[in-house]
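Q: Need the 3D shape of this:
(one chain, ligands or ions: 2)
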Amino acid sequence: MRVKISDVFKMYGITRALNGVDIDLDKDISALSLIGPSGGGKSTLLRILGGLEIPDHGVVCINNKEVNYKSEESLLDHRRRNGYLFQSFNLFPHKTALENVTLPLELVHGLSSSVAIETANHCLDRFELIEHAHKLPFELSGGQQQRVAIARAIAPGPSLLFLDEPTSALDPEMTGEVLDLIAELKEGGQDIILTTHEMGFAREIADELIFLDEGKILETGEPKLLFSKGEKNSRLEKFLSRVMRY
Ligand SMILES: Nc1ncnc2c1ncn2[C@@H]1O[C@H](COP(=O)(O)OP(=O)(O)OP(=O)(O)O)[C@@H](O)[C@H]1O
Ligand SMILES: [Mg+2]
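A: Residues are numbered from 1 along each chain as shown. Ligands and ions are numbered 1, 2, ... in the order given. Next up, the predicted model:
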């Protein structure tokens, strides 16, 4: 994927969520991870890249195409082309796992019911969820729910998959199962932009890391380089030593 953004600002009331963000990733990377302390602006930036939030200022280009925040139609098109997953499972509670996957395929992507069911079954099968296809979300574990939500996000074949802390509501075992699935998706060629507090995972899966603090990018680079940076007392160093202490 190619990501180029310049001079992006975003205020929420008097809170400055993004304070002049520039990214110029002009190389072929397939997983980009945003890391940094809580409130640093990770979700805001992810949502702006995904066209779910409109910046106050700045230009955003993904894969050499500028996101047009002024046109509702163009934004809808951008959203339709990508897939999304957020930290708290947002499955429709009164629909089965299968219906959760088929519904957007029919309503948003215009597939016929039979093609939607076939596509959904294929995805659920791929993620070993087929035996749970007819269960309601409350009958599934947190990890299974999150995997159904991932199946739903990737069923239409998104260009980019946006994941905002996909494991933060899960216990360690379920976290492992969801992280394995995300790693598998990347292996399968899916481009992914994610935020995560799982530093080990970020280091493993990301081709590029962006460290955000107080609405600004303080560091960016390959995980191996960022994690081994010798520079003491930098904000990144302090952040990593705090989150990797236990
Ligand atoms: N909808 C909103 N309304 C008001 N303030 C918001 C809104 N969304 C985010 N903010 C504020 O913007 C700042 C950046 O928030 P953001 O959610 O992007 O941080 P984050 O890095 O994702 O944090 P976390 O790791 O806790 O998820 C924070 O100060 C937050 O309180
Ligand atoms: Mg967040």
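Q: Can you name the residue of the chain nearest ligand 2?
A: residue 43 (3.1 Å; Cβ to the ion). Placement of C-beta: from N, CA and C, glycine included.
Q: now that residue: how far from ligand 1?
A: From residue 43 across to ligand 1, the span is 3 Å (Cβ to the nearest ligand atom, to the nearest Å).
Q: residues contacting that residue?
A: When contacts are counted by Cβ atoms under 8 Å, 6 or more residues apart in numbering, residue 43 touches 164-165, 195.
Q: Could you point out the helix or strand that follows the helix or strand containing residue 209?
A: Residue 209 is part of strand 208-213, with elements assigned from DSSP states H and E. Using DSSP H and E, the helix or strand that follows strand 208-213 in sequence is strand 216-221.
Q: now the angle between strand 208-213 and that next one, please.
A: In terms of direction (axes from the mean of the first three to the mean of the last three Cα atoms, to 10 degrees), strand 216-221 departs from strand 208-213 by 160 degrees.
Q: coming back round to it: average pLDDT for the strand holding residue 209?
A: The average pLDDT for strand 208-213 rounds to 96.
Q: on that earlier part again, show the average pLDDT along the helix or strand that contains the residue of the chain closest to ligand 2.
A: Here residue 43, judged by DSSP H and E, is contained in helix 42-49. Helix 42-49 shows a mean pLDDT of 97.
Q: which other residues reach the helix or strand following it?
A: Next helix or strand after helix 42-49 toward the C-terminus (DSSP H and E): strand 57-62. Contacts to strand 57-62, defined as Cβ under 8 Å, 6+ apart, come from residues 1-9, 21, 48-49, 66-67, 69, 160.
Q: Likewise for stretch 227-242?
A: 35-37, 199, 203, 211, 213, 218-219, 226.
Q: If we only consider the residues you listed, which is nearest to residue 99?
A: residue 35 (34.9 Å; Cβ to Cβ).
Q: What's the separation between that closest one and residue 90?
A: To residue 90, residue 35 is 23 Å away according to Cβ to Cβ, to the nearest Å.
Q: Counting neighbours, go ahead and name the busier of these two.
A: Neighbours per residue, other Cβ atoms under 10 Å: of residue 35 and residue 90, the larger number sits with residue 35, 27 against 14.
Q: List phi and psi for that one.
A: phi -130, psi 170 (degrees, to the nearest 10).
Q: So what's the residue count around the nearest residue to residue 124 once chain neighbours are set aside?
A: Closest residue in space to residue 124, ignoring its immediate chain neighbours: residue 130 at 4.9 Å, by Cβ to Cβ, 6 or more residues apart in numbering. Around residue 130 there are 15 other residues, counting by other Cβ under 10 Å.
Q: for residue 52, same thing?
A: 18.
Q: List the contacts of it.
A: So residue 52 contacts 79, 84 (Cβ under 8 Å, 6+ apart).
Q: doesn't residue 216 make contact with residue 21?
A: Yes. Proximity of residue 21 to residue 216 meets the contact threshold set by Cβ atoms under 8 Å, at 6.8 Å.
Q: higher neighbour count, those two?
A: residue 21 (24 against 17).
Q: pretty sure residue 201 contacts residue 181?
A: No. The pair residue 201 / residue 181 is not scored as a contact, 11.8 Å apart, by Cβ under 8 Å.
Q: After the longest helix seen in the chain, which helix or strand is next?
A: Using DSSP state H to define each element, the chain has its longest helix at helix 172-187. Using DSSP H and E, the next helix or strand after helix 172-187 towards the C-terminus is strand 191-195.
Q: I would like the residues contacting that following strand, please.
A: 1, 3, 30-35, 42-43, 46, 49-50, 159-166, 182, 185-186, 205-206.
Q: now do 6 Å
A: Here strand 191-195 makes contact (Cβ atoms under 6 Å, 6 or more residues apart in numbering) with 1, 30-34, 42, 46, 160-165, 186.
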